[in-house]
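In: Need coordinates for the following:
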Amino acid sequence: MPVIFLTDALIFLLIAMIVGFVFYARRYPHLRMPWSRVLRSRMAMVALVVLSVYSLIAVLDSLHYRPRLTTENADGGTQYSAEVLSVFDWLVTSLREREEKTYSAPFATHLYAKETVEVGGGAQRREFPRLRYGGSHLSDPATERGRDIFLTGLRGAAGGVALWMLLCIAFIGRGAIRASRSFSAELRHIVRRDTTVPWIAILIAVGVIIVVTMVAAKLGVKYHILGTDKVGKDVLYQALKSIRTGLVIGTVTTLVMLPFAIVLGLMAGYFRGWVDDVIQYVYTTLNSIPSVLLIAAAILMLHIYMANHADDFVSLSQRADLRLLFLCLILGVTSWTGLCRYLRGETLKIREVEYIQAATAFGVSHSRILFRHVLPNVMHIVTITVVLDFSGLVLAEAVLSYVNIGVDPTMDSWGNMINSARLEMAREPVVWWSLTAALIFMFTLVLCANLFSDAVRDAFDPRLRK
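Out: Coordinates of the predicted model:
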């Protein structure tokens with residue numbers, strides 16, 4: 001039974017907007033040419049490949065449904081589970097269902113802490129119990145684990161390389177057919193970097209991702225690659241599920257802030273006078289309010305609303321999704337002011353050029369001037385600001401969840417993983433893998449977003465054009 005959350009609908013709306021922007025940018029040379037320079041950057045293309053993998057996981061995790069139960073209701077109809085899953089949950093069922101008792105280290109075969117177990121004759125002793133799933137196929141983990149991990153990872157790497165080679169052959173063959181030349185000629189054309197797009201860098205990045213994915217898939221069936229948390233949940237599964245939360249914070253917040261920033265920024269710079277004064281007063285006042293306090297107050301109001309209307313929420317997932325959406329709304333309301341300032345300043349300059357004055361003299365309406373002449377000339381600022389702000393919003397989720405005013409504690413997010421690591425780092429011995437996993441996944445996303453945003457900024461900056 002399909003289930004559509006509010007954030008799911010916004011994600012697909014944002015995808016539609018991106019596709020629409022692609023077709024829009026292809027119509028205008030001043031937007032098409034900078035993006036062609038981005039496509040020629042090897043670093044930007046590698047970062048885009050990684051971001052595409054993150055986005056694919058987020059989209060698969062946004063296709064929610066309620067699984068059908070084997071039992072039927074009293075009327076003989078189909079009965080569905082109250083648990084809401086996603087397509088991504090179905091793909092990684094082995095990670096989701098293999099829960100241990102408590103903490104276990106990465107690739108461990110025993111629990112991380114000793115427990116009292118009974119031995120023959122009623123005696124008791126302290127030892128590390130075996131895990132239910134991690135390394136359960138080994139008869140002697142002390143001697144077999146290292147060799148088994150190596151051979152399993154090697155088989156996964158071999159399968160990944162074989163799959164990557166098949167994809168490369170298919171890609172090169174398709175290019176040879178389209179260019180009407182032989183396979184070897186197309187291969188030399190790509191290797192010599194005679195193409196506009198750096199396909200060598202893209203294919204290498206895709207190959208590394210495929211090999212890592214295949215190795216993780218092979219090892220993840222037998223071991224907990226990144227260990228387990230306090231309740232025995234696989235940390236790798238938590239880190240992968242947190243990708244959607246991070247991307248929703250970065251993208252949906254952008255979807256919320258863009259209308260405010262674009263409309264008010266263009267109006268303030270174009271109309272000036274009392275319109276400019278009112279808009280400046282609004283965003284100056286909003287900037288004067290501490291954002292953390294505003295977010296905390298909004299989340300508290302949401303908690304009161306959900307407590308008073310508990311019957312309106314049929315599941316915990318729906319409550320968590322509403323809190324995530326509300327957090328995006330608050331972040332969007334508090335983060336549009338910077339882009340609005342940039343657009344106001346650029347519009348003040350553009351409204352004085354000759355073609356705008358000519359359009360005004362010919363009686364062209366203000367709305368047509370704004371959206372036909374002014375908006376296309378400030379889209380580079382919008383693009384640069386949106387891409388640069390994305391990584392900051394992802395980090396903001398981690399900080400807000402760390403101080404307990406972020407996403408719902410029941411929702412998987414890197415911020416919640418870091419928040420739970422506060423007590424884990426104080427244990428003896430230290431439980432370090434939850435914090436490390438969250439940092440690695442978040443660092444990779446933010447790094448790739450920053451590398452891609454640097455290429456976008458350089459491509460759209462007229463001072464750097466040759």
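
In: neighbours of residue 448, just the number please.
Out: Residues near residue 448, counting by other CB atoms under 10 Å, number 22. Glycine gets a C-beta too; all of them are placed from N, C-alpha and C.

In: State the helix or strand in which it lies.
Out: helix 433-460 (DSSP states H and E).

In: Rounded mean pLDDT for that helix, please.
Out: Averaging pLDDT along helix 433-460 gives 85.

In: Report the buried residues of that helix.
Out: Residues of helix 433-460 classed as buried under the neighbour-count rule (16 or more other CB atoms under 10 Å) are 433-439, 441-442, 445-446, 448-460.

In: which helices and strands sit right next to that helix?
Out: Secondary-structure packing of helix 433-460 (3 or more CB pairs under 8 Å, 6 or more residues apart in numbering; DSSP states H and E): helix 29-39, helix 42-60, helix 235-271, helix 375-402, helix 414-424.

In: Tell me which of these lies nearest to residue 154.
Out: Closest of those to residue 154 is helix 235-271, at 19.7 Å (criterion: CB to CB).

In: Hey, what's the angle from the closest one to helix 433-460? Just curious.
Out: Counting by axes from the mean of the first three to the mean of the last three CA atoms, to 10 degrees, helix 235-271 lies at 30 degrees to helix 433-460.

In: how distant is helix 235-271 from the center of its chain?
Out: With CA atoms, centre = their mean, to the nearest Å as the basis, helix 235-271 stands 11 Å off its chain's centre.

In: got the angle for that helix vs helix 375-402?
Out: Counting by the same axes, to 10 degrees, helix 235-271 lies at 140 degrees to helix 375-402.

In: Quick one: mean pLDDT over stretch 44-64.
Out: On average, stretch 44-64 scores 90.

In: Which residues belonging to that stretch are considered buried?
Out: Quick answer for stretch 44-64 (16+ other CB under 10 Å): 44-51, 53-55, 57-64.

In: try stretch 201-218
Out: So, applying 16+ other CB under 10 Å, buried residues of stretch 201-218: 201-207, 209-211, 214-216, 218.

In: Farthest-apart pair in those residues, please.
Out: Most distant of the buried residues of stretch 201-218, by CB to CB, are 201 and 218, 26.5 Å apart.

In: and residue 309, how many neighbours does it have?
Out: 9.

In: how about the helices in the stretch 1-150 of the chain?
Out: 6-25, 29-39, 42-60, 87-91, 93-97, 141-179 (DSSP state H, counting those that start in this stretch).

In: which strands and helices sit next to the helix or strand that the longest one is followed by?
Out: Sequence-wise, the next helix or strand downstream of helix 141-179 (DSSP H and E) is helix 183-191. The elements that helix 183-191 packs onto, with contact taken as 3+ CB pairs under 8 Å, 6+ apart, are helix 141-179, helix 199-222.

In: and residue 245, what does it touch?
Out: 324, 397, 407, 411, 412, 413, 414 (CB atoms under 8 Å, 6 or more residues apart in numbering).

In: Over to residue 230?
Out: For residue 230, the contact set (CB under 8 Å, 6+ apart) comprises 102, 103, 420, 424.

In: how many other residues sit next to residue 305?
Out: 12.

In: I should have written residue 118 there, sorry.
Out: Using other CB under 10 Å: residue 118 sits among 9 other residues.

In: doesn't residue 124 make contact with it?
Out: Yes: Residue 118 is within contact range of residue 124, at 5.5 Å (criterion: CB atoms under 8 Å).

In: What is the burial count for residue 255?
Out: 17.

In: Can you tell me which of the helices and strands packed on helix 183-191 is most buried?
Out: helix 199-222 (a mean of 18; mean count of other CB atoms under 10 Å).

In: Which neighbouring elements make contact with that helix?
Out: The helices and strands touching helix 199-222, judged by 3+ CB pairs under 8 Å, 6+ apart, are helix 42-60, helix 93-97, helix 141-179, helix 183-191.
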